[in-house]
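# build me a model from this:
(one chain, ligands or ions: 1)
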Amino acid sequence: MAPAAPAATAVPGPSYVRTPTIAFLSSLAVDRALAPFDLAGSIAHAEMLGRTGIVPPAEAQAIVRGLRTIAGEIATGTFPWRTDLEDVHTNVEVRLTELLGPVGGKLHTARSRNDQIALDERLYLRAAIAGLGRRLLELQRALVDRAAEERATPMPGYTHLQRAQPGALGHHLLAHFWRFDRDLDRLAATAARASVSPLGAGALLGTTLPIDPAYVAERLGFARAFENSLDAVSDRDYFAELLFDLALLAVHASALGEEIVLFSSREFAFLDRTPDLGSGSSAMPQKRNPDVAELVRGKTGRAVGDLLALLTTLKGLPLAYDRDLQEDKGPVLDAVASVEGTLEALAVLVGKLRFDRARLTSAASDPELYATDVAEHLVAGGRTFRQAHEAVAAALGPGTTALSPDEVRRRLLALAPGLGAALDPKAASDRRISPGGPGETPLARQFALAHARLEERQRSLSSLARSVDDVDRLVREAPA
Ligand code: ARG
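Purely as a prediction, here's the structure:
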């Protein structure tokens with residue numbers, strides 16, 4: 001149902017204020033979250049209008065002051081949001097005109113909501129990535145810390161979820177670190193590619209007025225202004241990329257969540273079932289459920305769905321702006337909030353995991369894990385790998401009837417009597433000194449690389465955070 005018509009205002013407002021289907025057309029519920037970015041963009045635009053003389057400088061300054069007043073109202077919750085107005089842009093412009101009179105009507109000179117929203121979104125994306133990056137780094141630090149603590153803890157390595165070879169828990173945890181490192185790299189690349197100001201593209205084909213898009217780009221900390229006005233107002237690659245980055249990040253988080261669920265089950269029991277993992281059951285008094293890890297896994301559906309939603313909206317749109325594009329913000333805000341929550345919860349969870357070292361050591365002592373080591377020992381003695389593989393396979397039999405661990409050990413040692421001491425989880429893991437392996441030397445190198453990478457990422461995130469702060473200051477700054 002359409003909301004009641006607004007009280008008539010004495011000041012002239014934009015002509016797109018009222019429509020019979022406002023509730024359907026409205027994006028205010030979603031895009032009001034973009035208000036700080038909308039104001040920053042408008043301030044830079046008003047400054048440009050004053051500098052180029054398109055608007056008399058004194059009026060441009062009055063507009064900037066008015067916009068800062070509005071920023072204050074929004075920050076303190078006193079801004080009179082009007083749900084009968086379509087979006088955040090209209091709300092700001094109508095309020096500005098209330099504050100300044102007809103001069104407020106000059107703000108939108110040489111601009112359209114089409115280039116305005118694209119600008120708001122790119123500013124939002126930068127801030128969102130700065131925030132997500134910070135959270136991701138916290139999770140990665142938690143992982144490296146846990147990996148360092150569990151550096152010497154033996155653990156079976158798995159393929160097909162079958163015990164495969166003797167490894168180390170620290171090495172296993174670092175594998176998750178590197179996945180997240182690529183996620184952070186992707187987010188940074190997305191932010192860098194999105195560092196283009198679309199303002200000045202107008203509705204689609206620029207303007208006849210003497211604007212200066214480069215000034216706006218610089219003022220807002222963008223690397224440059226757009227090349228093609230049609231592309232500038234229709235491009236949503238930055239959001240599609242962000243959603244892909246978040247979907248894959250969520251998939252990575254989900255894989256870690258799944259391992260926490262598995263490892264805390266009675267069947268694995270590699271993790272102590274502490275209350276920190278989640279909650280008890282309302283029905284079964286004995287239960288300790290790994291709820292946090294399960295929800296980390298479960299929320300992935302959202303991020304993946306959000307990516308699909310945006311791509312579907314974008315498919316087949318003719319140039320340039322189409323109103324379909326208004327639907328881009330919902331999926332992005334949803335995915336950002338969901339992934340941010342996931343990262344925060346997961347960082348806390350990882351910090352609280354308590355591993356059962358005895359249980360892990362016992363699992364890694366399963367002599368079947370040493371079959372490859374024995375084969376490689378035979379290779380070192382001159383057999384081809386194929387011959388060695390066959391000899392070990394023959395010694396262990398068809399694998400259909402389970403041999404006792406003692407029997408497996410006896411048969412392996414019969415093939416490789418010299419290996420006795422090496423058939424121990426710690427020794428066997430440490431013998432894996434090939435690059436990137438769990439052996440002491442490559443693992444030390446990997447820890448050094450991980451620490452260096454964390455510092456490097458921290459530096460590049462700080463520079464992104466500085467541009468976010470600069471834009472923030474632009475909105476709050478006292479007028480010159
Ligand atoms: N609310 C719109 C969006 O989010 C802003 C641009 C509207 N442009 C227009 N010509 N109606 O995309």
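# the strand or helix carrying A71: how far from the chain's middle?
Assigned by DSSP states H and E, A71 belongs to helix 57-76. Relative to its chain's centre, helix 57-76 lies at 33 Å (C-alpha atoms, centre = their mean, to the nearest Å).
# now swap in stretch 455-475 and tell me
Stretch 455-475 has its C-alpha centroid displaced from the chain centroid by 17 Å (C-alpha atoms, centre = their mean).
# just the mean pLDDT for that stretch, thanks.
For stretch 455-475, mean pLDDT rounds to 97.
# kindly report the same for stretch 351-358.
The model assigns stretch 351-358 a mean pLDDT of 96.
# near the ligand, which residues of the stretch 101-250 of the chain? Just list them.
R113, N114, I117 (C-beta under 6 Å from any ligand atom). C-beta: built from backbone N, CA, C; applies to glycine.
# report the buried residues of the helix or strand where the second one lies.
Applying DSSP H and E as the criterion places N114 in helix 113-149. For helix 113-149, burial by neighbour count (16 or more other C-beta atoms under 10 Å) applies to 113-144, 146-147.
# other SSEs contacting it?
Contact partners of helix 113-149 among helices and strands, from 3 or more C-beta pairs under 8 Å, 6 or more residues apart in numbering; DSSP states H and E: helix 35-51, helix 88-100, helix 169-193, strand 196-197, helix 229-234, helix 237-263, helix 329-352, helix 440-476.
# list the pairing partners of the fourth one within its sheet, with orientation.
For strand 196-197, sheet partners with direction are given as strand 224-225 (parallel), following DSSP bridges.
# buried ones in stretch 446-464, by neighbour count?
Q446, F447, A450, R453, L454, R457, L461, L464.
# surely the first one touches A175?
No: proximity of Q446 to A175 does not meet the contact threshold set by C-beta atoms under 8 Å, at 9.8 Å.
# tell me the secondary structure at the closest residue to the ligand within the stretch 201-350 of the chain.
The ligand sits closest to Q326 of the stretch 201-350 of the chain, with a gap of 3.7 Å, by C-beta to the nearest ligand atom. Of the three states, Q326 takes helix under DSSP: H, G, I helix; E, B strand; the rest coil.
# repeat for M155
M155 ends up strand, using three-state DSSP.
# beta partners of it?
G167.
# burial measure for it, as a count.
Applying other C-beta atoms under 10 Å, we find 26 residues neighbouring M155.
# which regions of the stretch 351-480 of the chain sit below the pLDDT cut-off?
Within the stretch 351-480 of the chain, the stretches with pLDDT under 70 are 400, 478-480.
# on that earlier part again, what is the nearest of the buried residues of stretch 446-464 to E227?
L464 (23.1 Å; C-beta to C-beta).
# pretty sure the closest one contacts A130?
Yes: counting by C-beta under 8 Å, L464 does reach A130; the two are 4.8 Å apart.
# overlap in contacts, these two.
Counting by C-beta atoms under 8 Å, 6 or more residues apart in numbering, the contacts common to L464 and A130 are A191.
# residue ranges with poor pLDDT in the chain?
In the predicted model of the chain, residues 1-13, 15-20, 275, 400, 478-480 satisfy pLDDT under 70.
# recalculate using a threshold of 80.
1-20, 273-287, 399-401, 477-480 (pLDDT under 80).
# tell me who's in contact with A320.
Applying C-beta under 8 Å, 6+ apart, the residues near A320 are N114, L204, S229, L230, D231, V233, S234.
# so how many other residues sit close to the residue nearest to the residue of the stretch 201-350 of the chain closest to the ligand when sequence neighbours are not counted?
Nearest residue to Q326, sequence neighbours excluded (C-beta to C-beta, 6 or more residues apart in numbering): S27, at 5.0 Å. S27 sits with 20 neighbouring residues when counted by other C-beta under 10 Å.
# report the contact partners of the one residue in the stretch 101-250 of the chain that gets nearest to the ligand.
Residue nearest to the ligand within the stretch 101-250 of the chain: R113 (3.7 Å; C-beta to the nearest ligand atom). Listed by C-beta under 8 Å, 6+ apart, the contact set of R113 reads D87, H89.
# can you give me the strands in the stretch 251-400 of the chain?
279-280, 288-289 (DSSP state E, counting those that start in this stretch).
# now these in JSON lines, with distance to the ligand?
Listed next are the strands of the stretch 251-400 of the chain as JSON lines, based on distance: least, C-beta to the nearest ligand atom, whole Å:
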{"stretch": "strand 279-280", "distance to the ligand": "40"}
{"stretch": "strand 288-289", "distance to the ligand": "41"}
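# does R163 touch A363 like I think?
Yes: between R163 and A363 there is a contact under C-beta under 8 Å: 7.3 Å.
# higher neighbour count, those two?
A direct count of neighbours by other C-beta under 10 Å for R163 and A363 places A363 higher, at 19 against 15.
# and the closest residue to that one other than its chain neighbours, how far from D115?
For A363, ignoring the flanking residues on the chain, the nearest one in space by C-beta to C-beta, 6+ apart is P156 at 5.1 Å. Plainly put, P156 is 57 Å away from D115 if you go by C-beta to C-beta, to the nearest Å.
# same check, this time on L99
Per C-beta to C-beta, L99 is found 24 Å from D115.
# same question for L161.
52 Å.
# swap in L242?
To D115, L242 is 20 Å away according to C-beta to C-beta.
# next: H89.
From H89 to D115 the distance is 11 Å (C-beta to C-beta).
# near the ligand, which residues of the stretch 251-400 of the chain show up?
Proximity of the stretch 251-400 of the chain to the ligand (C-beta under 6 Å from any ligand atom) is limited to residues R323, L325, Q326.
# residue contacts, the residue nearest to P213 when sequence neighbours are not counted?
Closest residue to P213 apart from its sequence neighbours, by C-beta to C-beta, 6+ apart: G200 at 3.2 Å. By C-beta under 8 Å, 6+ apart, G200 lies in contact with A110, D115, G206, T207, I211, D212, P213, V216, A225, F226, S229, A232.
# how about a cut-off of 10 Å?
For G200, the contacting residues are 45, 48, 110-111, 115, 119, 206-207, 209, 211-217, 225-226, 229, 232, by C-beta atoms under 10 Å, 6 or more residues apart in numbering.
# ditto for E376
By C-beta under 10 Å, 6+ apart, the neighbours of E376 are F385, A388, H389, V392, A416, L419, R431.
# redo that, cut-off 8 Å
Neighbouring residues of E376 by C-beta under 8 Å, 6+ apart: F385, A388.
# repeat that for V304.
Counted by C-beta under 8 Å, 6+ apart, V304 has contacts A247, A250, V251.
# test my guess that the first one contacts V336.
Translated: A247. No: between A247 and V336 there is no contact under C-beta under 8 Å: 11.9 Å.
# residues touching I43, list them.
With contact set as C-beta under 8 Å, 6+ apart, I43 has these partners: V64, L67, R68, L474, V475.
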